[in-house]
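Peer 1: sharing a model that was predicted from the sequence below.
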Amino acid sequence: MGIRSTFSKPLARWVRQRQQSWREQPGEAQQRWFRQLVDHAAKTQFGRDHHFADIRTQADFRQAVPIRDYEALKPYIERVTHGEPDILWPGKPAYFAKTSGTTSGTKYIPLTRESLPNHINSARDALLCYVEETGNSAFLDKKLIFLSGSPELDEKAGIHTGRLSGIVNHHIPAYLRSNQMPSYETNTIDDWETKLDRIIDETLTEDMSLISGIPPWVQMYFDRIQARTGKAIKDVFPNFSVFVYGGVNFAPYRDRLFESIGKRIDSIETYPASEGFIAYQDSQHTEGLLLLADSGIYFEFIPADQYFAENPPRLSIDEVELGKNYAVIINNNAGLWGYSLGDTVKFVSRNPHRIVVTGRIKHFISAFGEHVIGEEVEKALRYAMQQQPETEVIEFTVAPMVSPSEGLPYHEWLIEFGQPPRDTSRFVKDLDTQLAKLNVYYDDLISGSILQPLKLTALPRGAFQQYMKSQGKLGGQNKVPRLSNDRTLADGLLQVMR
C-alpha cells in the first residue's frame, strides 16, 4: 500500500466524523452560515444597499434581498470586474470563474479566498467519503485522469480569470500532483479534439485508476481509445476502478459507458457549479447527493411550480418536503445574494438531506402549458430503453414543433443512437405513453387532440459533436440541454446535418 492510500484512511475518518456534526443538524449549520454571511458583508456596497445591518431573521433577509439571476446581479458584478473592492464581499475576489451563459453571454462568477475551500475541500471530501465507506484507497496510488478545462488563466482588473476546473487545477494538493494527468501543457490546448488525442498519447500506457469528467466527453475519450487499440477500456486500464462525474444525469450514458469499459466500476456523482459546490454522493448504497449544509452557502428553495410567481415562497432546509421539485437559491461567501442557480432539485431524504438534480428551471417545454421538465423526459427515455435493452443513446434533446407544415403540433425528440431500437414505432409509443403518465398536462393535451404524439428524429453518429463544435462548445464542461421551449438547438442540429 502506497503512502497516499495509507494516509487517506485516517483523513477519511476525520472527514466523516466532522460531517456527522452537521448532517444531523443541518438547520443549525445553515443558521450559523446565514448569520455569519450577513454580518461579514454588512459594510459592502450590496450590504448597505440592502440594509444588512438591520437584518435579524431569515424573514428580514427575504424581505430585503430579492431573488436574482446573473443578469439581474450583473450591475454589481460589473463593478467587481472593473476592480472596485467591497461591492458584494469584503475586498476583491481571488478569481473570476468564467462560464458561458445562455442569455448573459460570458459570465464572470467571483471566487473569494473564503469561498475557495467550498470548491476544493468538497471535491476532496467526495473521494474521502468513498474511501471511508468502501475501504478502497489503492486507486490514489495510481494515475488519476481529469478531463477538464484549461488551467491557463487570464486577468481581469488584475484578478486571475479562467474556467472553474482550470482554477481548481491550481489548488490540487501537492501529494496528488505527481499522479495527476494529463500534463499541464496538454490541458492548456484549446481545441478539444486535438487535446483529446494528446491526452490519449499521454495516458494510453499509464496505470490509470480514476477518471473524472462529464460523461459524454469521457465517452468520446473511450471511443477514441477503442478505435486506436481495438480493446475494451478494462484491458487498456486494468486497474480502472473509480469514475467521478457531474454536470449531467448519468442514466442515459451509463449502459454505453460501462459497455465501453467492459465491466461495472464504482462511480461518484458530484454537483459542482461555478457559483458553488452544492452536493456530492457520500454513499454507494443510497440514492441522492448529500447537500453541503456547512460549506459557506446559505441555501433557500423555491417550489419550482411557483418560481415565476410574483412573490414565491423561499424555504429553508428545515422546511423542504420530500418528492417536490425546488429551484435552488444560494447566498454565499463569494458575495452571491439571493442568487438563482437555475437548477431544480428534489429531496429524496431528510435524514440526512440528500437531493437529486431534476433539471433546469428555464429548460422545459411549455409551449401549450404542459411544463415538461428534464426529469420527466429522462425517465421516459429510460423506460423506453428498458423495453428494448439493445438500444443505446449517445445524446438527445427535445423541442416543441408549434407550427408543423401539416397536422397538430407535437414534441420532437432528436436522438443520436449508438444502437437504435429494433422496433422504432414501439420505442416512440413507449416514450409517449410514459411521458403522459409522468406529466398529466401533457396527457391532457394528447387526449384532447391539442397535441399529436411525439415524433422521433434519429440523427447520424457525431451529430451532437458537430453541432457543439460549430458553437465553439466541444468538450470541457459544456453540456447539451435536454429540452428547450424553442427550436434554436433543434434547428441548429438539423442545419448542421444538412
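Peer 2: Looks like it came in fine. Computed from a prediction, not measured in an experiment: that's the story for all the values here.

Peer 1: which SS state does Arg354 fall under?
Peer 2: Counting by DSSP: H, G, I helix; E, B strand; the rest coil, the backbone at Arg354 sits in strand.

Peer 1: tell me, how many residues neighbour it?
Peer 2: The criterion is other C-beta atoms under 10 Å. On that basis, Arg354 has 22 neighbouring residues. In this view, the C-beta of every residue, glycine as well, is placed from N, C-alpha and C.

Peer 1: then Phe258?
Peer 2: Neighbour count for Phe258, taken as other C-beta under 10 Å: 16.

Peer 1: buried residues in the lengthiest strand in the chain?
Peer 2: As assigned by DSSP state E, the longest strand anywhere in the chain is strand 339-350. By neighbour count with 16 or more other C-beta atoms under 10 Å, strand 339-350 contains the buried residues 339-347.

Peer 1: average pLDDT for stretch 398-417, rounded please.
Peer 2: Stretch 398-417 carries an average pLDDT of 91.

Peer 1: check which element follows the least confident helix or strand in the chain by mean pLDDT along the chain.
Peer 2: The helix or strand of the chain with the poorest confidence is helix 174-177; it has a mean of 73 (mean pLDDT, DSSP states H and E). Beyond helix 174-177 on the C-terminal side, the first helix or strand identified by DSSP states H and E is strand 180-181.

Peer 1: what about that following strand, distance to the chain center?
Peer 2: The offset between the C-alpha centroid of strand 180-181 and the centroid of the whole chain comes to 22 Å, using C-alpha atoms, centre = their mean, to the nearest Å.

Peer 1: still on that earlier bit, what lies in contact with the least confident helix or strand of the chain?
Peer 2: Counting by C-beta atoms under 8 Å, 6 or more residues apart in numbering, helix 174-177 makes contact with 3-4, 7, 140, 144, all of which sit outside it.

Peer 1: follow-up on the earlier one: can you dump the C-alpha atoms of the longest strand of the chain in PDB for me?
Peer 2: What follows is strand 339-350, C-alpha atoms only, in PDB (Å, rounded to 0.1, in the frame of the first residue of the first chain):
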ATOM      1  CA  TYR A 339     -28.800  34.000  -6.500                       C
ATOM      2  CA  SER A 340     -30.900  31.700  -8.600                       C
ATOM      3  CA  LEU A 341     -28.600  28.900  -9.700                       C
ATOM      4  CA  GLY A 342     -31.100  27.900 -12.400                       C
ATOM      5  CA  ASP A 343     -31.200  24.200 -11.300                       C
ATOM      6  CA  THR A 344     -34.100  22.300  -9.900                       C
ATOM      7  CA  VAL A 345     -33.700  19.500  -7.300                       C
ATOM      8  CA  LYS A 346     -35.800  17.100  -5.400                       C
ATOM      9  CA  PHE A 347     -35.100  15.900  -1.900                       C
ATOM     10  CA  VAL A 348     -35.100  12.100  -1.600                       C
ATOM     11  CA  SER A 349     -34.000  12.100   2.100                       C
ATOM     12  CA  ARG A 350     -34.200  14.500   5.000                       C
END
